[in-house]
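Asks: turn this into a model:
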Amino acid sequence: MKRIHKRLFRINEKIASLEAESRQVEAELEYHRSINDDAQRDAAVGNYIDREEAGLTAADVRRFEKTLSILDLKRARLLDKRSQLLARLPE
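Replies: Below is the predicted model of the structure:
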């Protein structure tokens, strides 16, 4: 019983950590989306340097979106594991 409680505590800490990291990544993602929007507008009327910059900023957005989805997946797995452990506790 005590072991389950310890595991639940560790899982809750990991979930909290992932949520904090997700908030940071979301903030960075919004920043990069803003930069990307500007770069895409510049590329539409600019030269090849503007188009290259737009490609780089779009890649940054994709990278942060991927990181966020990985964090969400890890969090979902931990929530599932936590639910399984909670189900094993006596009422």
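Asks: look up how far Leu73 lies from Glu65.
Replies: Distance, Glu65 to Leu73, using CB to CB, to the nearest Å: 13 Å. In short, each C-beta sits where N, CA and C put it, glycine included.
Asks: likewise for Arg51?
Replies: From Arg51 to Leu73 the distance is 33 Å (CB to CB).
Asks: and the helices in this structure?
Replies: Remark: helices assigned in the chain by DSSP state H are 2-45, 48-88.
Asks: how far away from the center of its chain is the shortest one?
Replies: Put plainly, it is helix 48-88. Relative to its chain's centre, helix 48-88 lies at 4 Å (CA atoms, centre = their mean, to the nearest Å).
Asks: how about the first one?
Replies: Once both centres are worked out by CA atoms, centre = their mean, helix 2-45 turns out to sit 4 Å from its chain's centre.
Asks: which other helices and strands contact it?
Replies: Packing partners of helix 2-45 (3 or more CB pairs under 8 Å, 6 or more residues apart in numbering; DSSP states H and E): helix 48-88.
Asks: returning to what we had before: neighbour count: Arg51 and Leu73, which is higher?
Replies: Arg51 (15 against 11; other CB atoms under 10 Å).
Asks: and the spatially most central residue of the chain, how far from Gln40?
Replies: Nearest residue to the geometric centre of the chain (CA atoms, centre = their mean): Leu68, 1.9 Å. Look at Leu68 and Gln40: by CB to CB, they are 20 Å apart.
Asks: kindly report the same for Lys74.
Replies: Per CB to CB, Lys74 is found 31 Å from Gln40.
Asks: gap between Glu52 and Arg75?
Replies: Going from Glu52 to Arg75 by CB to CB gives 35 Å.
Asks: how many residues are close by Ala85?
Replies: Check again: residue 85 is Leu, not Ala. Around Leu85 sit 15 other residues, with neighbours defined as other CB under 10 Å.
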